[in-house]
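Novice: Quick one: sequence plus predicted model below, questions after.
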Amino acid sequence: MKNESQKSVFPFAANDYSRALAAKSKAFARQVYPSPEEDEYDDAPLDPFGETGGAGACTGVPGLVQRFPDRVLAMAASSCFMNCRHCTRRNILGDAATISAPGALAAALEYVQAHPQVRDVLVSGGDPLVLGDDAVMRIIDAFAALGQIDVVRLCTRAPCTAPHRITQKLARSLGASGKVWVNTQFNHPDELTPDAVEACRILVESGIPVSCQTVMLAGVNDSTSTMLALFRALQRARVRPYYVFQCDPVRGTAHFRVPLEKAKRIALECAERIGGLALPRFVADVPGATRKIPLELL
Ligand code: SF4
């Protein structure tokens, strides 16, 4: 049964690099190309984490979201190098307010300073690296300059979807404050191409810790062997496998969700077969929860 008024609409978008990788990898192509299953009736919410409402529903500042006491999320851009079909923000990207708007960065800085418990800023989007170097560094440096801030996390899928965007010049700028960490997303070992590995090397050798937040996706990486191959490839690239998320309950992504019992079995089998440094935490981001919930508690 389909309810047209509740359909999720998320346009296709992919850069040349992503299209070329999709031509070689079915697992990646599933993340790139829309599937008719996205239009099937799905009662999941459009915005499960309440990030709309000026994209600053909890802070009142356009582009600034606070879900947890010690950190805020700053939406730096509202587009990406490709529209990942499983994206949590698939229903809000494009329209989302960003802190790149005039006056918004100043308001975001003021908000953070008024909340001294905030020590960690996630600069996200969209993909912040669709902005030019000057624009992205203006945002990152402004947060990094605050004494209360220990970490500025640049959340970008560029190492996977646009590895040539990671230049020596950009990495040097990112590494200068000593506060920047990069969170990226690789979901399948096919994505660790020589270009992607080189992008990670440039970041790591500029003093930037790089972590990976994988999403468990049906038909992409929902097997123990694929996950293990991914973790090994990440570790070879000196990228820390950090989290494996259950695909969020976002409308239009039901076909990607892996049943909880299967996900738990994969998590257990991985834990039995790989050392702790290469073993991420398997978690779910549950709307309203005060932390990421480990699968074994669900
Ligand atoms: S890069 Fe991230 S924000 Fe952009 S579409 Fe993919 S998952 Fe969503």
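Specialist: Arrived safely.

Novice: all helices for the stretch 101-250 of the chain, in order.
Specialist: 104-113, 133-144, 158-161, 168-175, 194-204, 224-236 (DSSP state H, counting those that start in this stretch).

Novice: ok, and what's touching the fourth one?
Specialist: Put plainly, it is helix 168-175. 129, 133, 137, 140, 154, 180, 182, 202-203, 205-208 (C-beta atoms under 8 Å, 6 or more residues apart in numbering). Any C-beta I mention is one placed from the backbone N, CA and C, and that applies to glycine too.

Novice: out of the helices of the stretch 101-250 of the chain, which comes closest to the ligand?
Specialist: For the helices of the stretch 101-250 of the chain, distance to the ligand was read as C-beta to the nearest ligand atom. The smallest value, 6.4 Å, belongs to helix 158-161.

Novice: Dump the C-alpha coordinates for the closest one into PDB.
Specialist: Extracted in PDB, the C-alpha atoms of helix 158-161 (Å, rounded to 0.1, in the frame of the first residue of the first chain):
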ATOM      1  CA  ALA A 158      34.800  13.000   0.900                       C
ATOM      2  CA  PRO A 159      37.500  10.400   1.500                       C
ATOM      3  CA  CYS A 160      35.100   7.900   0.000                       C
ATOM      4  CA  THR A 161      33.000   9.900  -2.500                       C
END
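
Novice: what does the stretch 151-298 of the chain have sitting close to the ligand?
Specialist: R157 (C-beta under 6 Å from any ligand atom).

Novice: Now for the closest residue to the ligand within the stretch 151-298 of the chain, how many residues are close by?
Specialist: Residue nearest to the ligand within the stretch 151-298 of the chain: R157 (3.7 Å; C-beta to the nearest ligand atom). Neighbour count of R157, defined by other C-beta atoms under 10 Å: 23.

Novice: With A229 instead?
Specialist: A229: 16 neighbours (other C-beta under 10 Å).

Novice: hang on, it packs against P189?
Specialist: Yes. With contact defined as C-beta atoms under 8 Å, A229 reaches P189; the gap is 4.3 Å.

Novice: Please tell me which one of the contacts of helix 168-175 counts the most neighbours.
Specialist: Neighbour-wise, the contacts of helix 168-175 (other C-beta under 10 Å) top out at L203, 28 neighbours.

Novice: Could you check how far that residue is from R89?
Specialist: 23 Å (C-beta to C-beta, to the nearest Å).

Novice: ditto for G219
Specialist: 21 Å.

Novice: if I look at the nearest residue to L131 once chain neighbours are set aside, how far off is the ligand?
Specialist: Distance criterion C-beta to C-beta, 6 or more residues apart in numbering; nearest residue to L131, sequence neighbours excluded, is A77 at 5.5 Å. Going from A77 to the ligand by C-beta to the nearest ligand atom, to the nearest Å gives 9 Å.

Novice: what residues are up against A77?
Specialist: Counted by C-beta under 8 Å, 6+ apart, A77 has contacts 98, 100, 125-128, 130-131.

Novice: One more: T290?
Specialist: Neighbours of T290 in contact, by C-beta under 8 Å, 6+ apart: F68.
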